[in-house]
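Sequence first, then the predicted structure:
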Amino acid sequence: MNDPHLPLSLLEAKVPRHVAFIMDGNGRWAKQRGLPRSFGHASGARRVRSLVEHAIDRDIPFVTLFAFSSENWRRPLEEVSTLMSLFVLYLEKEVKDMNVNGVRLKVIGDLSRFDARLQKLIAQAEAVTAHNTRVTVTVAANFGGRWDLVQAMTRWQAAHADQPAAEMSEDALKPFLSMAYAPDPDLLVRTGGESRVSNFLLWQLAYTEMYFTDVLWPDFSPEQFDRALAWFVKTDRRFGGVSQKVST
């Protein structure tokens, strides 16, 4: 954390434990340059590595990336195929370095719709990196917040077949959510100029601070990441209570 280029407020404050990203703007980035949308997605995929490395430098133990939503299947077939190919390439090329750098990879979502090869690569990547503790990188793929709530309730009911739904509480349901292994995000960063959560981690984002930026994902540099962190440490997180800050 001893980086002289960071704002003093960031040096003195505790950074978030968990940062989630909605990686928006790849297609527009490519269009601005007269390139096919696939080039934007490829550039966005390359951006991931530098930001994960930066999260490690900033001692952030959990990073979550919204890579492919349940609704993204509605996109043109060619674009979906490109995204699937990039996911395969990412798993084939990055897992070795992840392991060396202490990265634990988790993939959440309804993986049943992916082909057998991709499902196998996901399982292998999770198994190989399972012992790592430096940072947990979660990739949300074919994921939707509403899907997560439904599957959690379905799993709870299967585990408590002799109990009525009225017995279910928040604490009882939490272990069945896709991200039960991680704390809720402290900070959500959405690039690309939109200001919505797009059916992402609906349960987990209840008290998350949300940072929206016009910067397109392929241009979201470590310096931009630091701006988001500097903004975060200035927020007054009340969690439904009263501000503890002293008025002047």
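Looks like it arrived, so ask away.

and Met210, what element?
strand 209-212 (DSSP states H and E).

roughly how far apart are the residue lying closest to Pro185 once chain neighbours are set aside and Phe200?
Leaving aside its chain neighbours, Pro185 sits nearest to Ala20 (4.1 Å; criterion: Cβ to Cβ, 6 or more residues apart in numbering). Every C-beta, even on glycine, is put in place using the N, C-alpha and C of the backbone. Distance of Ala20 to Phe200, computed by Cβ to Cβ, to the nearest Å: 7 Å.

what bits of this structure have low per-residue confidence?
Along the chain, the parts satisfying pLDDT under 70 run over 1-13, 238-248.

cutoff 50 now
Within the chain, the set of residues satisfying pLDDT under 50 comprises 1-2, 4, 8, 11, 246-248.

Longest helix in this protein, by number of residues?
Scanning the chain for the helix with the most residues, using DSSP state H, yields helix 77-100.

what does that helix rub up against?
27, 37-38, 41-42, 45, 48-49, 67-68, 72-73, 105, 114-115, 117-118, 121-122, 124-125, 128-129, 132, 137, 139, 141 (Cβ atoms under 8 Å, 6 or more residues apart in numbering).

mind running it again at 6 Å?
With contact meaning Cβ atoms under 6 Å, 6 or more residues apart in numbering, helix 77-100 is reached by Arg37, Ser38, His41, Ala45, Phe68, Leu105, Leu118, Leu121, Ala125, Val128, Thr129.

returning to that earlier point: parallel or antiparallel, which strands does the strand holding Met210 pair with?
strand 187-190 (parallel) (DSSP bridges).

ok, how many other residues are close to the closest residue to Gln204 other than its chain neighbours?
Closest residue to Gln204 apart from its sequence neighbours, by Cβ to Cβ, 6+ apart: Asp184 at 4.4 Å. Around Asp184 there are 18 other residues, counting by other Cβ atoms under 10 Å.

cool, and His160?
Neighbour count of His160, defined by other Cβ under 10 Å: 13.

Number the chain from 47, please
New numbering, starting at 47: the last item is His206.

burial measure for the nearest residue to it once chain neighbours are set aside, as a count.
Nearest non-adjacent residue to His206, counting by Cβ to Cβ, 6+ apart: Glu213, 7.0 Å away. By other Cβ under 10 Å, the residues close to Glu213 number 10.

Same check on Lys166?
Residues lying near Lys166 (other Cβ under 10 Å) number 12.

Run the chain-centre distance for the helix or strand hosting it.
Per DSSP H and E: Lys166 is located in helix 162-175. Distance of helix 162-175 from the chain centroid (Cα atoms, centre = their mean, to the nearest Å) equals 18 Å.

Stretch 236-246 now?
So, by Cα atoms, centre = their mean, the centroid of stretch 236-246 is 12 Å from its chain's centroid.

buried stuff in it?
The neighbour-count check on stretch 236-246 (16 or more other Cβ atoms under 10 Å) flags Arg236, Thr237, Gly238, Val243, Asn245, Phe246 as buried.

sorry, back to before: name the helices or strands packed onto the helix holding Lys166?
When contacts are defined as 3 or more Cβ pairs under 6 Å, 6 or more residues apart in numbering; DSSP states H and E, helix 162-175 sits against helix 123-146, strand 149-154.

Could you tell me the angle between the first one and helix 162-175?
In other words, helix 123-146. In terms of direction (axes from the mean of the first three to the mean of the last three Cα atoms, to 10 degrees), helix 123-146 departs from helix 162-175 by 20 degrees.

Helices of the chain, start to end?
Counting by DSSP H, the helices of the chain are 54-58, 72-78, 83-103, 123-146, 162-175, 191-205, 216-219, 268-279.

Output the shortest one as PDB, nothing but the C-alphas.
What follows is helix 216-219 as a C-alpha-only set of coordinates in PDB (Å, rounded to 0.1, in the frame of the first residue of the first chain):
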ATOM      1  CA  GLU A 216     -32.000 -14.600   5.500                       C
ATOM      2  CA  ASP A 217     -29.300 -16.400   7.500                       C
ATOM      3  CA  ALA A 218     -30.700 -19.800   6.500                       C
ATOM      4  CA  LEU A 219     -30.700 -18.900   2.800                       C
END
